[in-house]
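A.B. asks: here is the input, now give the coordinates:
(one chain, ligands or ions: 1)
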Amino acid sequence: MAHIIQKPSWHIDEALATPQDAFINRRTLIKNLGFAGLGLAAAVALKPGIASAANDATKDLYPAKRNEAHTIDRELTPWEVNSKYNNFYEFGSHKQIWRAAQALKTSPWDITVDGLVEEPFTIGFDDLLGRVALEERLYRHRCVEAWSMTIPWTGFRLADLVAIAKPLSSAKYVRFETFMDPSVAAGQKQSWYPWPYVEGVTMEEAGNDLAFLVTGAYGKVLDNQFGAPIRLALPWKYGFKSIKSIKRISFTDTRPVSFWEEILPQEYGFWANVNPEVPHRRWSQAEERILHTGERVPTLLYNGYGEQVAHLYDGIEGERLFT
Ligand code: MTE
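C.D. replies: Next up, the predicted model:
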């Protein structure tokens, strides 16, 4: 009997993939920082042959039903491209971290919810998934480095996590923290970085329907290099806000200072909403390069999600909303 192998809609031949060194990357950025000793921010040794520590207990939850309210008019970035071009500084300050990232053990994985909540708690990742409904959404992703991609994420609304957390009315922000383990993530031995990686959003942003906690991609459990077992996706903001491999979620009345803001406050701020008219201090944000085709297209205000999110910023004046 003949097998008919159907390629998923995001599949393209590897040969069509863009050469991946053709644009500004974090390495260039780090070189330009002028820190003493940053030459040490060289590649983390890749560890070939490490089996993926994928989260087997939850694998039957995929593929989840696609939410048709979240589709897009761009071709999806092929997994083959996306999964080999990642920013995950814990595993190196370059894009080829996918092998090194397999060393992270993502099961069991506990997440601590604390701060201004009725009762702080720690919950196992598998238990958390038992309390939410997963769905698939097609999202754009616009990196501050001016490249973009389009991904089929699976996950649940950040608002659902907020409901489980039961924050107090005094909570104004949600602060996220990545795991900390220099024994598996060699990048965390680079002491000039303010580890662990931290990000934050306002309570209003956390309640927006677009704010998504991602546990899967391309119809399966999240690969380690994408930030397994759980990461954020905030598609109207620059990609660095979408923190990976979250271990701690804290509710607070103090605005969190994020990883990149702490390193370079003159270039990266708290809000980091996408805006083609506000250049980065060292390059334009007017256009973006689509990762797998190499095509340059105009960047859209709020990455095209203005209708859903622009109101979140009404009345906020005198702040750098777009860096
Ligand atoms: N989260 C952690 N913990 N560490 C990181 O280095 N990089 C950020 C973001 N989340 C990063 C992170 C940046 S700069 C981008 S563009 C996206 O992850 C990249 O996501 P991707 O590799 O899935 O494309």
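
A.B. asks: stretch 143-152 near the ligand anywhere?
C.D. replies: Yes: Stretch 143-152 comes into contact with the ligand (C-beta under 6 Å from any ligand atom), by way of residue 143. C-beta here means a position set from N, CA and C on the backbone, and glycine is covered the same way.

A.B. asks: low-confidence ranges in the stretch 51-200 of the chain?
C.D. replies: Where the stretch 51-200 of the chain drops to pLDDT under 70, the residues are 51-55.

A.B. asks: got the residues of it near the ligand?
C.D. replies: 86-90, 141, 143, 178, 197.

A.B. asks: and the gap between residue 124 and residue 107?
C.D. replies: In this view, residue 124 and residue 107 are 9 Å apart by C-beta to C-beta, to the nearest Å.

A.B. asks: just residue 228 next, same as before
C.D. replies: Residue 228 is 9 Å from residue 107, by C-beta to C-beta.

A.B. asks: then residue 132?
C.D. replies: 17 Å.

A.B. asks: with residue 162 instead?
C.D. replies: 24 Å.

A.B. asks: show me which of those two is the more surrounded one.
C.D. replies: residue 162 (20 against 16; other C-beta atoms under 10 Å).

A.B. asks: three-state assignment of the closest residue to that one other than its chain neighbours?
C.D. replies: Distances taken as C-beta to C-beta, 6 or more residues apart in numbering put residue 206 closest to residue 162, at 5.5 Å, once the chain neighbours are dropped. Classification of residue 206 using DSSP: H, G, I helix; E, B strand; the rest coil returns helix.

A.B. asks: on that earlier part again, now secondary structure and neighbour count too, for the residues of the stretch 51-200 of the chain next to the ligand, in JSON lines please.
C.D. replies: As requested, those are exported to JSON lines (DSSP: H, G, I helix; E, B strand; the rest coil; neighbours: other C-beta atoms under 10 Å):
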{"residue": "86", "secondary structure": "coil", "neighbour count": "20"}
{"residue": "87", "secondary structure": "coil", "neighbour count": "21"}
{"residue": "88", "secondary structure": "coil", "neighbour count": "25"}
{"residue": "89", "secondary structure": "helix", "neighbour count": "24"}
{"residue": "90", "secondary structure": "helix", "neighbour count": "28"}
{"residue": "141", "secondary structure": "strand", "neighbour count": "21"}
{"residue": "143", "secondary structure": "coil", "neighbour count": "21"}
{"residue": "178", "secondary structure": "strand", "neighbour count": "24"}
{"residue": "197", "secondary structure": "coil", "neighbour count": "26"}
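
A.B. asks: ends of stretch 228-238, what's the gap?
C.D. replies: This stretch, stretch 228-238, spans 20 Å end to end (C-alpha to C-alpha, to the nearest Å).

A.B. asks: what about the helices in the stretch 101-250 of the chain?
C.D. replies: 125-129, 158-165, 203-207 (DSSP state H, counting those that start in this stretch).

A.B. asks: from the contact counts, what lies against the last one?
C.D. replies: Taking 3 or more C-beta pairs under 8 Å, 6 or more residues apart in numbering; DSSP states H and E as the contact definition, the neighbouring helices and strands of helix 203-207 are helix 158-165, strand 173-178.

A.B. asks: again, only using 6 Å
C.D. replies: helix 158-165 (3 or more C-beta pairs under 6 Å, 6 or more residues apart in numbering; DSSP states H and E).

A.B. asks: now what about the helix it packs on, what contacts it?
C.D. replies: Helix 158-165 has contacts (C-beta atoms under 6 Å, 6 or more residues apart in numbering) with 113, 117, 132, 206-207, 211, 213.
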